[in-house]
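> Just to be clear, the model below is a prediction. Sequence and coordinates:
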Amino acid sequence: MNDLSSLLQYRVAEAGDIPVLHALIEQSVRGLQAGDYSPEQMDGALGTDRDESLLDPKTDAAKIRAFFVHPEWALRGIGSRILELCEEAARAEGFTRFEMGATLTGVPLYRRWGYAELERIELPLANGASLPIVRMTKAV
């Protein structure tokens, strides 16, 4: 692994980044998840909406949302750094627990970061397919 993560600059995405991010997400999903998911599952997952409700750090776990790395930059520490930044931001807001619905592809990374599997579920997709994901958690 060639760790380039410390050489890069990281920032919160802005509205103007959305078109580039959509392209990155598709490249990441199709390039990195093809070994774990079928084309139909990837197609359906790319169109899945997310719950945007606000969480209370006193009672809720922070939700680590999806993040994506371009396939040509995978396995270089970038995903780990993004996860670290997400956790730091959540802790700064007072969260003491983290949860996520991990893709099968991401599970090894999250395990290395101390996340434990809660359950495996099938997420129904709008195209009729379902996506196996792993609910994972971590306490600070």
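Structure's in. What do you need? Residues are numbered from 1 along each chain as shown.
> what's around Ser53, how many residues?
For Ser53, the tally of surrounding residues (other Cβ atoms under 10 Å) stands at 7. C-betas here are computed from N, CA, C, even on glycine.
> Can you spell out which helices and strands pack onto the helix or strand containing Arg111?
Taking DSSP states H and E as the criterion, Arg111 maps to helix 107-112. Here helix 107-112 touches helix 78-92, strand 130-139, going by 3 or more Cβ pairs under 8 Å, 6 or more residues apart in numbering; DSSP states H and E.
> Next, format the ones you listed as JSON lines and append distance to Leu104, mean neighbour count and mean pLDDT.
JSON lines is the format used below for the helices and strands packed on helix 107-112 (distance: least, Cβ to Cβ, whole Å; neighbours: other Cβ atoms under 10 Å; pLDDT from 0 to 100):
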{"stretch": "helix 78-92", "distance to Leu104": "15", "mean neighbour count": "16", "mean pLDDT": "95"}
{"stretch": "strand 130-139", "distance to Leu104": "6", "mean neighbour count": "17", "mean pLDDT": "96"}
